[in-house]
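1. model this:
(chains A, B, C and D)
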Number of protein chains: 2
Amino acid sequence: MATREEILSAAQRHLISEPTASLGDLASAAGIGRATLHRHFASRDELLVEIAERSLDRWQERLDHVDVEAVAASGDGERIRACLIELMHAYVLDAEEFGVALTDHVATHTRALRERCDALLDREVLLHAAGQETGVLRRDVPARWIGHAVYGLLVAARDALEAGDVARRDLPDLVLTTLVDGVSA
Amino acid sequence: MATREEILSAAQRHLISEPTASLGDLASAAGIGRATLHRHFASRDELLVEIAERSLDRWQERLDHVDVEAVAASGDGERIRACLIELMHAYVLDAEEFGVALTDHVATHTRALRERCDALLDREVLLHAAGQETGVLRRDVPARWIGHAVYGLLVAARDALEAGDVARRDLPDLVLTTLVDGVSA
DNA sequence: CTCGTGTGAGACATTTGTGTCTCAAACGAG
DNA sequence: CTCGTTTGAGACACAAATGTCTCACACGAG
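-> Presented below is the predicted three-dimensional model:
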């Protein structure tokens, strides 16, 4: 017997490797029957929206936890750097469980979700911009591009992990250093 | 009247912003009727597979054009660096037209396409490894991770361009420098 | 002009997955 | 043990998209 949370967790993990899985497949992945899945979620869309919202909730929690606005407003370069590092590590850890939302069509194309995502990205870009002003991050690239680069490397992290190309324990530092230092020698 | 190539081009561009577009939508995007689309492609799957194959063809052409194996085997750091830069620029330009294949389910989950993609990635990772050996690229990250990072930044580039967050003419250098130098100051 | 060919709209059949519901069985509480 | 609740399998309805086909019309070649 699976709780609603357990169903959501199982579904979102299954969707990472099988993005077009049927509701029957998702029910099986959660160890329940399809009728039971429907008792919890009225439709496929409701399930996918809720998965996307959980991912946005997690992102929001990450930003809240570090109090991103206060850090950005502090003007303290070291504090901003530490915050960026903490966030990046946290995102990489999250990508394993929540990574489906990075590329799922419902998550990326539903108006309300898109708007919520943009709002969270704006908060984060505040931090990137503060990093640029305090000399932590380079100024010659748009702050918003940094947000995209973070996103792209998270997609890469999710896929590298899924493909077994990278060890789970290496991934946070690997992604962080790739973002921060790049790949040149 | 659209040629087969024109239909493919229109479809793959439309799919970037509307990944779940119906065949009717894709036909409209190409300026033809759905019956005509079916005269060219027996099924949706055939259309999507062909789009994916075109993208892989382009990637292959890029690798062939620079003769990636010869460059990797040359042991010449400068030559390798120039080749990496040339490829990266080319990939970013390609992302606008061929970017759908980066995340399309048919492209990423069809066995034969997956295998072809892995083979091309292997060729490219040869170059990354050669870059590491010659001191162009850092050695403390897996060569294969560099391939993933390239992929992730291309997804980011496609989306940033689609979102209008970055100017088209700035994108190649922006992506390259993010990959090479990272975002730290 | 005629004629052959290609086209798109539309009708219809099929498919797949989703949504809805029933019911026998399982399960846990008392 | 009984009884109320939950469950999953399975049947069925529905919907959207795909696949198939027809036919009137458009178009270009001769």
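2. got any ranges where chain A has weak pLDDT?
-> A:1 (pLDDT under 70).
3. mind giving me the domain split of it?
-> Chain A breaks down by automatic domain parsing into domains covering A:1-41, A:49-181.
4. Name the residues of chain A found near DNA strand C, please.
-> Taking CB under 7 Å from any atom of the strand, the part of chain A that reaches DNA strand C is made up of A:22-24, A:34-35, A:38, A:42-45. C-beta: built from backbone N, CA, C; applies to glycine.
5. quick revisit: buried deepest among the domains of chain A, which one?
-> Sort the domains of chain A by mean neighbour count, taking mean count of other CB atoms under 10 Å in any protein chain shown, and domain A:49-181 sits at the top with a mean of 19.
6. How about it and DNA strand D, any contact?
-> No. Using CB under 7 Å from any atom of the strand, domain A:49-181 never reaches DNA strand D; the gap is at least 12.2 Å.
7. is chain B contacted by that domain?
-> Yes. With CB under 8 Å from any CB of the partner chain as the measure, domain A:49-181 is seen reaching chain B through A:103, A:105, A:132, A:135-139, A:141-142, A:144-146, A:148-149, A:151-157, A:159-160, A:165-166, A:174, A:177-181.
8. same for whichever strand or helix holds A:Leu154, what does it pack against?
-> Using DSSP states H and E, A:Leu154 falls within helix A:143-163. Applying 3 or more CB pairs under 8 Å, 6 or more residues apart in numbering or on different chains; DSSP states H and E, one finds that helix A:143-163 contacts helix A:4-17, helix A:77-98, helix A:100-103, helix A:111-133, helix A:171-181, helix B:143-163, helix B:171-181.
9. would you turn those helices into a markdown table with distance to B:Arg4?
-> A markdown table is the format used below for the helices and strands packed on helix A:143-163 (distance: least, CB to CB, whole Å):
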| stretch | distance to B:Arg4 |
| --- | --- |
| helix A:4-17 | 33 |
| helix A:77-98 | 39 |
| helix A:100-103 | 29 |
| helix A:111-133 | 34 |
| helix A:171-181 | 40 |
| helix B:143-163 | 24 |
| helix B:171-181 | 29 |
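10. Can you tell me which of the ones you listed is nearest to B:Glu5?
-> Closest approach to B:Glu5 among these (CB to CB): helix B:143-163, 21.2 Å.
11. got the angle between the closest one and helix A:143-163?
-> Between the axes of helix B:143-163 and helix A:143-163, defined by axes from the mean of the first three to the mean of the last three CA atoms, to 10 degrees, the angle is 140 degrees.
12. The closest residue to A:Arg116 other than its chain neighbours and A:Glu50, how far apart?
-> The spatially closest residue to A:Arg116, leaving aside those adjacent along the chain, is A:Leu56, at 5.4 Å (CB to CB, 6 or more residues apart in numbering or on different chains). For A:Leu56, the distance to A:Glu50 equals 11 Å [CB to CB, to the nearest Å].
13. do the same with A:Ala90
-> 22 Å.
14. related to what we said a few turns ago, how about the helices and strands packed on helix A:143-163, which one is nearest B:Gln12?
-> Across those, the minimum distance to B:Gln12, taken as CB to CB, is reached by helix B:143-163, at 11.8 Å.
15. what about the closest one, distance to the chain center?
-> 9 Å (CA atoms, centre = their mean, to the nearest Å).
16. likewise stretch A:5-25?
-> Distance, centroid of stretch A:5-25 to centroid of chain: 16 Å (CA atoms, centre = their mean).
17. Hmm, A:Gly152 is touching B:Val150, no?
-> No. The criterion here is CB atoms under 8 Å, and A:Gly152 misses it with B:Val150 at 9.6 Å.
18. Thanks again, I'm all set now.
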